[in-house]
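Peer 1: Compute the structure for the input listed below.
(chains A and B)
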Amino acid sequence: MIDTSAASWVDVAYLITSICFIFGLRYLSSPKTARLGNRISAFGMLIAVVATLSQGIVNWWVLGAALIVGAAVGIVSAQRVKMTAMPQMVAIFNGAGGGAAALVAAGELLKVFNLNGTPTYDVSFTSVLSAVIGSISFAGSIIAFLKLQEVMTGRPITYPGQQVVNALVALVILVCWGLVVANVPNALEYFWIALGASFLLGILFVLPIGGADMPVVISLLNSFTGLAAASTGFVLGNNVLIIAGALVGASGTLLTVLMGKAMNRSVTNVLFGAFGAIKTSTAARGAKAQNVRSVSTDDVATMLAYANQVIVVPGYGMAVAQAQHSIRELADQLEKRGVEVKYAIHPVAGRMPGHMNVLLAEANVPYTSLFDMDDINPEFERTDVALVVGANDVTNPAARSDKNSPIYGMPILDVDKAANVVVLKRSMNSGFAGIDNPLFDDPKTVMLFGDAKKSIDGVIAGVKAL
Amino acid sequence: MTVHLLAELTVFILALFVGLEVISRVPTMLHTPLMSATNAIHGIVLVGALLIAGTAGAPFNPVVSFIVVLLASLNVFGGYTVTERMLEMFRPKTQAPKTPADGAS
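Peer 2: Here you go, the predicted structure:
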């Protein structure tokens, strides 16, 4: 039967919101239109909120206070956060969204039970779904935040029987889910158990994932919150939530898969592999004599100043040392001397997708100088100096040649094809994954030890003095 | 499955396809802003939060209602602000161009 009753203008407003979101994302396809896109998307959000507030809202005080506090805290912290701390910030906002989605679903289910009603299967199934995904995302994002903020160790936390514990928790969730949908007596209690168990699962599943795998986890959690929002849309029968949630879910999933590909590992491997736990190569390295050549900042300055082309390869070490501004200054100095400076960006360098791009953009490096892995790799052969700043595993030639290496098969930046390689590193400790990097033993590689920012500042002084 | 649910599923699946189509055009360079932008978009759950906490027959006590809306509001405002901050940093060459010899790339 066709429903011919007039559509409420609120639903029309929601439709406009959905269109704004789609255009917002569409305009992200170019840095030139991206800001406009973000504003269109924000405008869409405004329309949805105003439309919602126009429908017989009663608890004005509570809503107003929560909106204002949320806005104040959100805007102020987002403006103050350092660009290097951006992954943590995104994780926190993501977690907040997940938590809200879980609570909204819980609220709708409670509402039905409060009215002594029986929830339809549609509502009971989707409300548990949204509570489960939302709460996994909430707890997982908090752990990701703590790891990124280095409140807790970025190394994977593993214990025997980890997978078994996770599987048991997942089983509890599934059983409770079934009981809620079957609407057994005390269904509501099982709902709360499912919610709590999901929170626990969120913590447990991020704990064994190491810092270098964070780009995958952050994208995945983003996708989860999107799907939780969509599922909340099913619970409330609200299309704008469904559409927005689906858009985010699609985006998060796509990024997760891309990040996995960039590491040549399946997403399951990242989530359940506890990658960084591989300690064998770290133990083995002590015995092996390394022919590492350490040089001074002045030596590096000379190498760079007389080069034709220099490629900078940034990694997480650059973010930690906040060296992006110094790098930009060095590039300016070199360009004044007619040296061509390019930047090679590995898809998983840093802690979130595109992390290096944002940091370099912050330092005013024009995005036209930044190159993706596939575009820059053929360039290394024509390059005099590759300057590796705090990147390690993404430059490790063992990924190409050594079948026993844990990162074998991962696409890397072909830094070793450059005529000279300068590696800036804090110390000889191996990279996050604890894997030996034969690049450091290469006769054409020189090492500059110390804090990346201080080293670069030293090199700048050296270039100026030439 | 009700007719209603089927209609919603249709919307969901079509939106997924639109999402994949639109997002696959976003260049790698903008992946962090993309994450942040989608992060802000899932703040739409604020609509759900307002409906649950603010309409008659609200199931939560005021404290929980406050928390639900607070979380969602944090997500929306924080998300859009961070994205805006990131995007305003992305600019093409603005400084004095270097030696004009090397061709446009």
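Peer 1: The residue in chain B that chain A sits nearest to: neighbouring residues, count only.
Peer 2: Nearest to chain A in chain B, going by CB to the nearest CB, is B:S73, at a distance of 2.6 Å. For the C-beta atoms, the positions are set from N, CA and C on the backbone; glycine is no exception. Using other CB atoms under 10 Å in any protein chain shown, B:S73 has 27 neighbouring residues.
Peer 1: which residue is nearest the centroid of chain A?
Peer 2: When CA atoms, centre = their mean is applied to chain A, the residue found nearest the centroid is A:M352 (3.2 Å).
Peer 1: re the thing from before, my guess is the residue of chain B closest to chain A contacts B:L46. True?
Peer 2: Yes. With contact defined as CB atoms under 8 Å, B:S73 and B:L46 form a contacting pair (6.1 Å).
Peer 1: just to revisit the earlier point, and the nearest residue to the residue nearest to the centre of chain A once chain neighbours are set aside, what helix or strand is that in?
Peer 2: Leaving out its chain neighbours, the residue that sits closest to A:M352 by CB to CB, 6 or more residues apart in numbering or on different chains is A:P87, at 4.3 Å. A:P87 belongs to helix A:86-114 when elements are defined using DSSP states H and E.
Peer 1: Is chain B within reach of stretch A:252-271?
Peer 2: Yes. Contact of stretch A:252-271 with chain B (CB under 8 Å from any CB of the partner chain) involves A:G252, A:L254, A:L255.
Peer 1: ok, now which ones touch the last one?
Peer 2: A:L255 is in contact with A:S219, A:N222, A:S223, A:P353, B:H31, B:L34, B:M35, counting by CB atoms under 8 Å, 6 or more residues apart in numbering or on different chains.
Peer 1: what's the spacing between it and B:P33?
Peer 2: Going from A:L255 to B:P33 by CB to CB, to the nearest Å gives 12 Å.
Peer 1: Residue ranges in chain B under the pLDDT threshold?
Peer 2: B:93-105 (pLDDT under 70).
Peer 1: same question, chain A
Peer 2: Looking at chain A by pLDDT under 70, you get A:1-3, A:273-290, A:429-434.
Peer 1: What residue in it comes nearest to chain B?
Peer 2: A:G70 (2.6 Å).
Peer 1: Wait, the residue nearest to the centre of chain A touches A:M89, no?
Peer 2: No. The criterion here is CB under 8 Å, and A:M352 misses it with A:M89 at 10.2 Å.
Peer 1: Over to A:V312. Which of the three states is it?
Peer 2: strand (DSSP: H, G, I helix; E, B strand; the rest coil).
Peer 1: OK, contacts around it?
Peer 2: A:I327, A:A331, A:V341, A:K342, A:Y343, A:A344, A:L387, A:V389.
Peer 1: Give the buried residues for the helix or strand hosting A:L179.
Peer 2: Per DSSP H and E: A:L179 is located in helix A:162-181. In terms of neighbour count (16 or more other CB atoms under 10 Å in any protein chain shown), helix A:162-181 has its buried residues at A:Q162, A:N166, A:V169, A:A170, A:V172, A:I173, A:C176, A:W177, A:L179, A:V180, A:V181.
Peer 1: Now render those residues as JSON lines, adding distance to chain B.
Peer 2: Shown next, in JSON lines, are the buried residues of helix A:162-181 (distance: CB to the nearest CB, whole Å):
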{"residue": "A:Q162", "distance to chain B": "28"}
{"residue": "A:N166", "distance to chain B": "25"}
{"residue": "A:V169", "distance to chain B": "23"}
{"residue": "A:A170", "distance to chain B": "23"}
{"residue": "A:V172", "distance to chain B": "24"}
{"residue": "A:I173", "distance to chain B": "21"}
{"residue": "A:C176", "distance to chain B": "19"}
{"residue": "A:W177", "distance to chain B": "17"}
{"residue": "A:L179", "distance to chain B": "20"}
{"residue": "A:V180", "distance to chain B": "16"}
{"residue": "A:V181", "distance to chain B": "13"}
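Peer 1: Check those and tell me the two furthest apart.
Peer 2: A:Q162 and A:V181 (29.1 Å; CB to CB).
Peer 1: Test my guess that A:T153 contacts A:K147.
Peer 2: Yes. Between A:T153 and A:K147 there is a contact under CB under 8 Å: 7.4 Å.
Peer 1: Which of those two has more residues huddled nearby?
Peer 2: A:K147 (26 against 11).
Peer 1: and the gap between the more buried one and A:M214?
Peer 2: 7 Å.
Peer 1: Kindly report the same for A:A319.
Peer 2: Distance from A:A319 to A:M214, counting by CB to CB: 12 Å.
Peer 1: Report the set of residues contacting both of the two.
Peer 2: A:R351.
Peer 1: and the residue of chain A closest to chain B, what element?
Peer 2: Going by DSSP H and E, A:G70 is part of helix A:60-80.
Peer 1: And that helix, what does it pack against?
Peer 2: helix A:86-114, helix B:45-54, helix B:62-87 (3 or more CB pairs under 8 Å, 6 or more residues apart in numbering or on different chains; DSSP states H and E).
Peer 1: Quick one: closest of the ones you listed to A:G233.
Peer 2: Per CB to CB, nearest to A:G233 of the helices and strands packed on helix A:60-80: helix B:45-54, 7.5 Å.
Peer 1: quick check: angle from that closest one to helix A:60-80?
Peer 2: 150 degrees (axes from the mean of the first three to the mean of the last three CA atoms, to 10 degrees).
Peer 1: So helix B:45-54, near chain A or not?
Peer 2: Yes. Residues of helix B:45-54 are located near chain A by CB under 8 Å from any CB, namely B:V45, B:L46, B:V47, B:G48, B:A49, B:L50, B:L51, B:I52, B:A53, B:G54.
Peer 1: wait, the first one sits on A:I242?
Peer 2: Put plainly, it is B:V45. No. Counting by CB under 8 Å, B:V45 sits too far from A:I242 to count as a contact (11.5 Å).
Peer 1: okay, these two: which has more neighbours?
Peer 2: Neighbours were counted for B:V45 and for A:I242 using other CB under 10 Å; B:V45 has more, 37 against 26.
Peer 1: In terms of secondary structure, what does the one helix or strand A:G134 maps to contact?
Peer 2: Using DSSP H and E, A:G134 sits in helix A:121-148. Here helix A:121-148 touches helix A:86-114, helix A:162-181, helix A:187-206, helix A:214-236, going by 3+ CB pairs under 8 Å, 6+ apart.
Peer 1: Give me the distance between the longest one and the centre of its chain.
Peer 2: When you say that, I think you mean helix A:86-114. Offset of helix A:86-114 from its chain centre (CA atoms, centre = their mean, to the nearest Å): 19 Å.
Peer 1: Buried residues in that helix, which are they?
Peer 2: Those buried within helix A:86-114 under the rule 16+ other CB under 10 Å are A:86-112.
Peer 1: is stretch A:14-22 anywhere near chain B?
Peer 2: Yes. Contact of stretch A:14-22 with chain B (CB under 8 Å from any CB) involves A:Y14, A:T17, A:S18, A:F21, A:I22.
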